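Student: Below: sequence and its predicted model.
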Amino acid sequence: MAYRVQEVTKKRDLRRFVRFPDLLYRGCPQYVPALHGDQIRALTKVSTLAYCTRKMWLALDGDRVVGRICAMVNPRYNERYGTRRARFGWFDTVEDFEVARLLLGTAEAWAKEQGMDEIHGPLYYNTFGKQGMLIEGFDHVPPFNCLYNFPYYNDFVGRLGYEKECDWVQYRINARSPLPEKTYRVATAVLERYDLHFGSIARLKKDPEQVRKFFRAYNESFSATVHNFIPLTEAEMQEEARQMLPFVSDRSATFLLDAQGEIAAFGITTPSISRALQKARGRLFPFGWIPLCRALRSFETADLMVNGAVPRWRNKGISAVFYAEMAEKIRKAGLKYAITNPQIETNGAVNIWKAYDHEPYMRRRCYIKKIK
């Protein structure tokens, strides 16, 4: 089969690039389509492109799309970690090794032209986007902010010389399993000792300065603990706030303030909208917004998007405060399950889930390859 690669430079090709997974995964009950408008914005208009470079390609069989890939270089990442790495993302292919070889080979050649000596992925421009190729949990529906792929993807990248860089793990928590009584005792003691109190998500959403403080706390919390972390710029903070805050409420999210009103810890949990996105099929209009609105009002599963504590509050028992509060909110909401965010397997924080009735849900991998 004679395939060819075509760079995406026209609007028509961009639309085909965005819609290809919907065709590839048609009939797959686990696949969660991304909203087409969000994808086009991510590929053409996000503030991250002010400092990142990227190119996109389609693999074609005649005029039929059989694969896609985006290659990126984030200079802030390379400067932070002293590397010369490109990254690949938006990688999808039919079950044909030659398509995968052609797509990844094209991305690698471009990366070499940019002076890179390694390429890794699948990744987004920064740490806030979808990342990690699924290697376990193919029978589960992923949270809306996580990738899904067929098992053969891993075989293809392995045959092309890619090796494991890291794995992220996710768990499904029985939201109705009680926390140990000790957790509540520790939480009460820590609140009293340090004069901590909970903030209001509703008020935070109306206060731009408080929103900025939240994202600065996010940068500070994960700067030294999250693998491949890239701090958000001010422009990225504003952009993510516009995208994320409409889905966040006091029903399932929380943040903790110290005596001076500064953010000490936070937990952003959202209703699971994966099933709703399946019904929307990539489009909000004319009717895709209906299942999304319903999912935000009534849900039995929550996605634990991001949680953390700023460095000066670590190792002071503050995690007990956070988990006790989140457990109470989940109980009041009547939820059955919570899906944890992807966490690097070597991070000791994953041990917190042992306090719950839990089971492995998904495992995803970042692959890396030397190209020089």
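Tutor: Now that the structure is in, tell me what you want to look at.
Student: how long is stretch 243-257 end to end?
Tutor: Stretch 243-257 has an end-to-end distance of 24 Å (CA to CA, to the nearest Å).
Student: Okay, the spatially most central residue of the chain and Gly261: tell me how far apart.
Tutor: The centroid of the chain falls nearest to Lys130 when counting by CA atoms, centre = their mean (4.0 Å). Using CB to CB, to the nearest Å, Lys130 is found at 34 Å from Gly261. All C-beta spots, glycine's among them, are computed from the backbone N, C-alpha and C.
Student: three-state assignment of the residue nearest to the centre of the chain?
Tutor: coil (DSSP: H, G, I helix; E, B strand; the rest coil).
Student: so what's it closest to, chain neighbours aside?
Tutor: Spatial nearest neighbour of Lys130, chain neighbours left out: Leu147 (4.8 Å); criterion: CB to CB, 6 or more residues apart in numbering.
Student: Next one: that neighbour from Gly132, what distance?
Tutor: Taken as CB to CB, the span from Leu147 to Gly132 is 6 Å.
Student: So for those two, which residues contact both of them?
Tutor: Residues within reach of Leu147 and of Gly132 at once, by CB atoms under 8 Å, 6 or more residues apart in numbering, are 122, 364.
Student: And the pLDDT for Met116?
Tutor: pLDDT recorded at Met116 is 98.
Student: That one touches Met72, doesn't it?
Tutor: No. Taking contacts as CB atoms under 8 Å, Met116 lies outside contact range of Met72: 10.3 Å.
Student: okay, the two: which has more neighbours?
Tutor: Met72 (28 against 20; other CB atoms under 10 Å).
Student: After the helix or strand where that one lies, which helix or strand is next?
Tutor: If you go by DSSP states H and E, Met72 is part of strand 64-73. Proceeding N to C from strand 64-73, the next assigned helix or strand is helix 75-81, under DSSP H and E.
Student: now for that next one, which elements pack on it?
Tutor: For helix 75-81, the packing partners by 3 or more CB pairs under 8 Å, 6 or more residues apart in numbering; DSSP states H and E come out as strand 85-93.
Student: just how off-centre is the strand it packs on within its chain?
Tutor: Relative to the chain's own centre, strand 85-93 is displaced by 15 Å; criterion: CA atoms, centre = their mean, to the nearest Å.
Student: tell me the contacts of the residue lying closest to Ser274 once chain neighbours are set aside?
Tutor: Excluding its sequence neighbours, the residue lying closest to Ser274 (CB to CB, 6+ apart) is Val32, at 4.6 Å. Taking CB under 8 Å, 6+ apart as the criterion, Val32 is in contact with 141-142, 144, 148, 274, 277-278.
Student: Buried ones from those, can you make that a PyMOL selection?
Tutor: Command for PyMOL that selects the buried part of those, burial taken from 16 or more other CB atoms under 10 Å:
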select buried, resi 141+142+144+148+274+277+278
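Student: Report the buried residues of the helix or strand hosting Asn219.
Tutor: Per DSSP H and E, Asn219 falls inside helix 208-222. For helix 208-222, the neighbour count (16+ other CB under 10 Å) marks 210-211, 213-222 as buried.
Student: Looking at those residues, which is nearest Lys45?
Tutor: Phe215 (19.5 Å; CB to CB).
Student: Correct me if wrong: that closest one contacts Ala235.
Tutor: No. Counting by CB under 8 Å, Phe215 stays clear of Ala235, with 11.0 Å between them.
Student: how about the strands of the stretch 201-350 of the chain, start to end?
Tutor: Using DSSP state E, counting those that start in this stretch, the strands of the stretch 201-350 of the chain run over residues 254-257, 263-271, 301-309, 337-339, 343-344.
Student: The second one vs strand 301-309, what angle?
Tutor: Going back to what we said before, that points to strand 263-271. Interaxial angle, strand 263-271 versus strand 301-309 (axes from the mean of the first three to the mean of the last three CA atoms, to 10 degrees): 170 degrees.
Student: which residues are contacting strand 263-271?
Tutor: The contact list for strand 263-271, computed with CB under 8 Å, 6+ apart, reads 196, 199, 213-214, 217-218, 221, 244, 247-248, 252-258, 295-296, 299, 301-310, 313, 318-319, 321-322, 325-326, 329-330, 338.
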